[in-house]
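**Student:** using only what follows, build the 3D model:
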Amino acid sequence: MKNIYLDHAATSPVHPDVIERITSVMQEIYGNPSSIHSFGRRARQIVDDARTTIAKSIGCKYNELIFTSGGTEADNLAIKGIAQSYHGQGKHIITSSIEHHAVLHTCHSLEKEGFEVTYLPVNEEGLISLEELKDALRDDTILVSIMFGNNEVGTIQPILEIGDLLENHQAYFHTDAVQAYGLIPIDVNTLKVDALSVSAHKVNGPKGTGFLYVKEGINLSPALHGGEQERKRRAGTENVTNIAGFEEAVKIAQSTMEQKAAYYRKLKSLLVKELQEREVKFYINGNQESSLPHVLNLSFPGLDVEAFLVNLDLGGVSVSSGSACTAGSIEPSHVLSAMFGSDSERLRNSIRFSFGLFNTEEDIVDAAEVVAAVAKRLTSY
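**Tutor:** Predicted coordinates:
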C-alpha cells in the first residue's frame, strides 16, 4: 500500500542535504563553541556562520538572533522575556484567540503572575480585526503577540498593518512565524516586528532547534540561567550539529521559496478539484485569498473526525485534524471554535491537509481517491 504524508504542518521530513550536513558536522566537529582551543573555535565558526545566514533570511542583524530548542521555547522566551522585563511600564498583553498553544499557555501562565491578557476574537475566516486591536490597545499595553499564519487553517494575519499600528505605541510586537517562515518572504524591518519565532523542523530541518529574533535594544529576561551563551539571553551549550543542519535547511528554503509556494498552492487546488470531481461534499475553512500556501483545512459534513482520521490512515493517507484525539475523547479545536463557535459541527468534522517535500501531483490524486472513498463509506451520500 502506498503511504502519502500530508501532515507537513505538524512536522516535515528532513531534506537529504540537511541530513548530509548534520552527519558531516557530527562526525568532524565536536568541540564546545565556548572553548577557546582549536576544537572549540571550529564549533564556534559553525554557529557563527549559521547565525549570519539565518539572520540575512529575515533581514535582521547577526546579534539579534537567538538560537533556541524550537518554536515553543522561542515563543516562551519572547513573551515572558519581554513581559517580565517591562512590567514596570504596564502589565497588559494582547494576543489572538487562535494562537498556537505555545503562545496561549504562556499568556495563561503570565495571568497567574498578575498580567492582564486580551484575547482578540476572529471572524469566520480566522482573521483578527485591526479596529478591535486598536480599541484593545491601552497606555499600559506592553506586548502584542499575533501569529503570522495559522497552523490549523492557514489564515495569514495583517502583520504589516499591525506593525504600522504599533509603530508609535510603547507595546512591542511579537509574531509566531513558525508556519510562514520559508514559504513567505519575511523582512522584520519592513514588517516592523520586534520579535519573531521560527522552528527548524517545519522547513525540512532537524527537530529540537529554532530561533528567536529580538530587535536590538529590547531587554529580555532569560528563561534559563547558567552560562553566557547567546549573549546571556539563553544559557546552555549550543546544539552545533542541529544549528548547522538548520542553516542548510534555510539556504534551501530561501533559494526555492517562490517555486515551492507556487507548487504547494497547485497541490492545494488540485486536491480541491479532485474532491469536487468525485462529488465529495466539503467546505473550506479559512481565508483562501490570504492563506499559507501549504495548508488546507476542510470540513466534511456528516463525518466524525476521529473515525475519518483512522480510516484515512488505514488507507495510507496521513493527515491531521484541529482536534487532539485521545482515548475515547476529543478535545475540540480552539481555532475552529473561535471561528465558528463552540457548537459548530465543523469542530467535529474538519481535517487539515498540509503539503511539502516529496509530495507529487500523483500523490494528491491518489489521496483524493482515498478521501472520497472513505467519506462516502462513512456518510450517507
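**Student:** ok, now which ones touch the residue lying closest to residue 183 once chain neighbours are set aside?
**Tutor:** Counting by C-beta to C-beta, 6 or more residues apart in numbering, residue 261 is the residue found nearest to residue 183 once chain neighbours are left out, at 5.0 Å. The way it works is simple: take the backbone N, C-alpha and C, and place the C-beta from them, glycine included. Contact partners of residue 261, counting by C-beta atoms under 8 Å, 6 or more residues apart in numbering, are 183-184, 293-294.
**Student:** out of those, who has the most neighbours?
**Tutor:** Ranked by the number of neighbours (other C-beta atoms under 10 Å), the contacts of residue 261 place residue 294 first, at 28 neighbours.
**Student:** per-residue confidence averaged over the single longest helix found in the chain?
**Tutor:** Secondary structure of the chain per DSSP state H: the longest helix is helix 240-277. The average pLDDT within helix 240-277 is 98.
**Student:** was I right to think residue 6 contacts residue 353?
**Tutor:** Yes - contact between residue 6 and residue 353 holds when scored by C-beta atoms under 8 Å: they sit 4.8 Å apart.
**Student:** so what sits against both of these two?
**Tutor:** 319, 367.
**Student:** and the closest residue to residue 30 other than its chain neighbours, how many neighbours?
**Tutor:** Closest residue in space to residue 30, ignoring its immediate chain neighbours: residue 39 at 6.9 Å, by C-beta to C-beta, 6+ apart. Neighbourhood size, residue 39 [other C-beta under 10 Å]: 14.
**Student:** how close does residue 39 sit to residue 24?
**Tutor:** 16 Å (C-beta to C-beta, to the nearest Å).
**Student:** over to residue 224?
**Tutor:** Distance, residue 224 to residue 24, by C-beta to C-beta: 29 Å.
**Student:** next: residue 138.
**Tutor:** For residue 138 relative to residue 24 (C-beta to C-beta), the value is 52 Å.
**Student:** can you check residue 117 too?
**Tutor:** From residue 117 across to residue 24, the span is 45 Å (C-beta to C-beta).
**Student:** which one of those two has more residues nearby?
**Tutor:** A side-by-side neighbour count of residue 117 and residue 24, using other C-beta under 10 Å, places residue 117 first with 19 against 14.
**Student:** does that one count as helix, strand or coil?
**Tutor:** Assigned with DSSP: H, G, I helix; E, B strand; the rest coil, residue 117 falls in the strand class.
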